[in-house]
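Student: Below is the structure, and that's it, no one-letter string:
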């Protein structure tokens with residue numbers, strides 16, 4: 001009694017764990033694993049209630065913690081918060097084979113498909129408990145997906161045996177937390193079961209979305225400024241190139257564009273009008289073009305045709321390729 005009262009008075013996070021169905025050997029291993037993080041104390045409900053009252057705590061909250069608990073254990077920790085405590089205790093959960101009279105915690109569904117059993121009397125055993133089975137390709141197969149027992153219904157001894165043969169262990173055992181009290185706040189176990197992977201994914205998605213919006217509206221922060229500056233530099237360079245502004249950044253692009261247009265135009269002329277240097281340049285360009293998709297070739301041809309028409313409109317009487325390139 002005094003020990004329980006002292007534990008309750010220590011504060012921190014207090015909770016009630018249901019240990020019904022946990023084998024003694026498994027219990028020893030679980031307690032040994034968790035000993036450094038929390039205090040686990042077995043006691044009857046009556047003793048827990050007396051110690052709780054002696055500590056001056058609300059019995060209403062204790063009644064909620066004990067609701068539905070068959071074999072209670074008091075748990076107390078100063079080093080973990082409520083969510084961390086739930087996560088640590090949740091690691092002890094495991095399944096065991098169903099016994100006669102066990103209540104199904106959820107719908108127990110048997111999926112259709114082949115099993116590892118060879119033909120034999122087991123076919124009749126499956127059918128006798130409502131699991132349709134037959135021989136298929138030398139193996140026992142479940143004919144269709146069925147719900148062997150619904151949630152909240154008792155499991156018969158024969159059905160429990162057949163489920164065990166199918167390696168279905170529906171009865172969950174472990175240090176199952178009923179609820180906790182932290183800083184005077186009562187929290188049920190269901191409220192502590194966080195989907196951490198989903199939460200992290202949501203945070204990443206929200207962060208990415210916020211960053212994109214901030215960049216779109218030009219919101220200046222330590223994170224967005226490098227992107228905004230890079231975007232502005234790229235747009236400024238594009239404008240300068242289109243405007244024909246000559247500087248150390250635009251000249252390589254302008255020269256490359258002029259060279260490409262020159263080759264495209266030269267490619268439309270008769271080979272007799274080309275000197276050796278231009279012929280070599282066209283040959284090299286043709287080799288590169290052969291390795292590119294046909295769509296690129298079509299685009300170059302269209303650009304060359306447009307350039308030729310433009311040149312003809314500007315100066316229909318130029319005297320030859322030498323006049324154009326010097």
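Tutor: Yes, it's here. Just so it is clear, the structure is predicted and the values come from calculations on it, not from any experiment.
Student: Show me how far stretch 237-247 is from its chain's centre.
Tutor: Stretch 237-247 has its average C-alpha position 45 Å from the chain's average C-alpha position, going by CA atoms, centre = their mean, to the nearest Å.
Student: Please apply the same query to stretch 254-272.
Tutor: That offset, for stretch 254-272, works out to 53 Å (CA atoms, centre = their mean).
Student: likewise stretch 187-203?
Tutor: 13 Å.
Student: Any buried residues in stretch 9-19, and which?
Tutor: 12-19 (16 or more other CB atoms under 10 Å). Backbone N, C-alpha and C define where each C-beta goes, glycine included.
Student: Show me what the mean pLDDT comes to for it.
Tutor: Across stretch 9-19, pLDDT averages out at 89.
Student: Repeat that for stretch 229-244.
Tutor: Rounded mean pLDDT across stretch 229-244 is 89.
Student: from the buried residues of stretch 9-19, which is closest to residue 247?
Tutor: residue 13 (66.1 Å; CB to CB).
Student: Residue 52 and residue 249, how far apart?
Tutor: 76 Å (CB to CB, to the nearest Å).
Student: hang on, I meant residue 59
Tutor: 78 Å.
Student: Can you tell me the element residue 3 falls in?
Tutor: Using DSSP states H and E, residue 3 maps to helix 2-9.
Student: Repeat that for residue 40.
Tutor: strand 39-42.
Student: now do residue 76
Tutor: Assigned by DSSP H and E, residue 76 falls in strand 72-77.
Student: what's next to that strand, contact-wise?
Tutor: Strand 72-77 has contacts (CB atoms under 8 Å, 6 or more residues apart in numbering) with 4, 7-8, 10, 12-19, 37-45, 48, 66, 85, 89, 175, 177-178.
Student: any idea of the mean pLDDT for that strand?
Tutor: 92.
Student: Adjacent strands (with direction) for it?
Tutor: Strand pairing for strand 72-77, determined by DSSP bridges: strand 13-18 (antiparallel), strand 39-42 (antiparallel).
Student: need the ones you listed in a markdown table with distance to residue 188, can you?
Tutor: Listed next are the strands paired with strand 72-77 as a markdown table, based on distance: least, CB to CB, whole Å:
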| stretch | distance to residue 188 |
| --- | --- |
| strand 13-18 | 11 |
| strand 39-42 | 20 |
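Student: Of those, give the one that comes closest to residue 165.
Tutor: Nearest to residue 165, of the strands paired with strand 72-77 and by CB to CB, is strand 13-18 at 28.5 Å.
Student: Other residues contacting the closest one?
Tutor: Contacts for strand 13-18 (CB under 8 Å, 6+ apart): 8, 40, 48, 62, 65-66, 68-78, 80-82, 85, 89, 175-182.
Student: Whichever of those residues end up buried, select them in PyMOL.
Tutor: Selecting the buried subset of the contacts of strand 13-18 in PyMOL, with 16+ other CB under 10 Å as the burial test, is done by:
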select buried, resi 8+40+48+62+65+66+69+72+73+74+75+76+77+80+82+85+89+175+176+177+178+179+180+181+182
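Student: where exactly do the strands run in the stretch 101-250 of the chain?
Tutor: Along the stretch 101-250 of the chain, counting by DSSP state E, counting those that start in this stretch, strands occupy 108-110, 113-114, 133-136, 139-142, 146-149, 171-173, 176-182, 185-188.
Student: Pick the most deeply packed of those.
Tutor: Highest mean neighbour count of the strands of the stretch 101-250 of the chain: strand 176-182, a mean of 23 (counted as mean count of other CB atoms under 10 Å).
Student: What is that strand packed up against?
Tutor: With contacts taken as 3 or more CB pairs under 8 Å, 6 or more residues apart in numbering; DSSP states H and E, strand 176-182 sits against strand 13-18, helix 59-66, helix 82-90, strand 185-188, helix 189-192.
Student: and those as TSV, adding distance to residue 128?
Tutor: As requested, the helices and strands packed on strand 176-182 are exported to TSV (distance: least, CB to CB, whole Å):
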stretch	distance to residue 128
strand 13-18	34
helix 59-66	40
helix 82-90	37
strand 185-188	40
helix 189-192	37
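Student: With respect to residue 210, which of these lies nearest?
Tutor: It's helix 82-90; of these, that one is closest to residue 210 (CB to CB) at 25.0 Å.
Student: Low-confidence ranges, the stretch 201-326 of the chain, go.
Tutor: For the stretch 201-326 of the chain, applying pLDDT under 70 flags the ranges 269, 272-273, 285-286, 288-326.
Student: can you list the residues that contact stretch 109-125?
Tutor: 131, 133-148, 158, 162, 165-166, 168.
Student: How much space separates residue 49 from residue 13?
Tutor: On the measure of CB to CB, residue 49 and residue 13 end up 20 Å apart.
Student: Hmm, residue 10 is touching residue 41, no?
Tutor: No. Using CB atoms under 8 Å, residue 10 makes no contact with residue 41, being 11.5 Å away.
Student: now residue 143, nearest residue through space, not along the chain?
Tutor: residue 132 (4.1 Å; CB to CB, 6 or more residues apart in numbering).
Student: So what's the residue count around that neighbour?
Tutor: 15 (other CB atoms under 10 Å).
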